[in-house]
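Novice: dropping a prediction and its sequence here:
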Amino acid sequence: MDDRFNTIAGWVLFAGIVALGSSIVAGELMHTERPKVMGYPIAGVAQEGEGAAAAEQPIEVYLAKADPAKGQQIFNKCMACHNADKGGANQLGPNLWDVLGEPIGQGKGFAFSDALSKKGGTWNWDNLSTWLTSPKAFAPGTKMTFAGLSNPQDRADVEAFLNSHSDAPQQLPKAPAAANGATGTQAAGNPPGNGPNNGPQKAGKEPVLTEQQTGANPKNVGGEGAPKVSGPASTATKKP
């Protein structure tokens, strides 16, 4: 009985060793590494996040179509720390009435951080947009904990809202001429379908070869405007 048990146990152990060895060998033979780039890129399709920074235009482009009402809705997220009321009290953050044109990190009886109070200059459309994008990047060490607004149109709407909360609101900037004319230049100077990359040129701009030229090189013959000839130039005759 003991001999039979030992025999069975031995075969079970042997089978386990064989299975383990087979697994190791198969793992080595079929070994694969994680690719550095996951997935397969598709031509003409930008990957997520790729080119986002380059695509953003100057803040004036977004301010030209900014909506103060939408800006107020976004500003509601900030009301736990700020208000934009005339004569409003400072809270966790300073009162923001008439902030455009105000010295950065100065005044209103608020204890600004050194990181912001030492920036210098005054708030304008550009630096306020940069601040709203990422306060920590604009003034490293600031006490402002707000993560920022990544959408440039949201920032423009908030700026338009803050601008409206002023004794003398500024006129919203117009979009730069370069942004306005980016598509107009193509439309006026190179209309779709007539450019080098947008279809055939007008037939009038294509040279029509002479009979002697086409006869010297029959491969040149082609097109509606080319004469119908055959043979070398010395023997070329017009076909009926």
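Specialist: All right, it came through fine.
Novice: any low-confidence regions in the protein?
Specialist: 1-2, 28-54, 178-240 (pLDDT under 70).
Novice: by residue count, tell me the biggest helix in it.
Specialist: Longest helix in the chain by number of residues (criterion: DSSP state H): helix 2-29.
Novice: could you pull out the helices in the chain for me?
Specialist: Using DSSP H, helices in the chain cover 2-29, 52-55, 59-63, 68-75, 114-117, 125-133, 135-138, 152-164, 177-189, 211-216.
Novice: quick one, what contacts residue 112?
Specialist: Going by CB atoms under 8 Å, 6 or more residues apart in numbering, residue 112 touches 94, 105-106. No exception for glycine: its C-beta is placed from N, CA and C like everyone else's.
Novice: make a markdown table out of the helices of the chain and add distance to residue 81.
Specialist: A markdown table is the format used below for the helices of the chain (distance: least, CB to CB, whole Å):
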| stretch | distance to residue 81 |
| --- | --- |
| helix 2-29 | 57 |
| helix 52-55 | 28 |
| helix 59-63 | 23 |
| helix 68-75 | 11 |
| helix 114-117 | 14 |
| helix 125-133 | 14 |
| helix 135-138 | 11 |
| helix 152-164 | 14 |
| helix 177-189 | 34 |
| helix 211-216 | 80 |
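Novice: okay if I get those as JSON lines plus mean neighbour count and distance to residue 101?
Specialist: Shown next, in JSON lines, are the helices of the chain (neighbours: other CB atoms under 10 Å; distance: least, CB to CB, whole Å):
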{"stretch": "helix 2-29", "mean neighbour count": "9", "distance to residue 101": "69"}
{"stretch": "helix 52-55", "mean neighbour count": "8", "distance to residue 101": "28"}
{"stretch": "helix 59-63", "mean neighbour count": "21", "distance to residue 101": "15"}
{"stretch": "helix 68-75", "mean neighbour count": "17", "distance to residue 101": "17"}
{"stretch": "helix 114-117", "mean neighbour count": "16", "distance to residue 101": "16"}
{"stretch": "helix 125-133", "mean neighbour count": "19", "distance to residue 101": "10"}
{"stretch": "helix 135-138", "mean neighbour count": "16", "distance to residue 101": "18"}
{"stretch": "helix 152-164", "mean neighbour count": "22", "distance to residue 101": "10"}
{"stretch": "helix 177-189", "mean neighbour count": "11", "distance to residue 101": "25"}
{"stretch": "helix 211-216", "mean neighbour count": "17", "distance to residue 101": "71"}
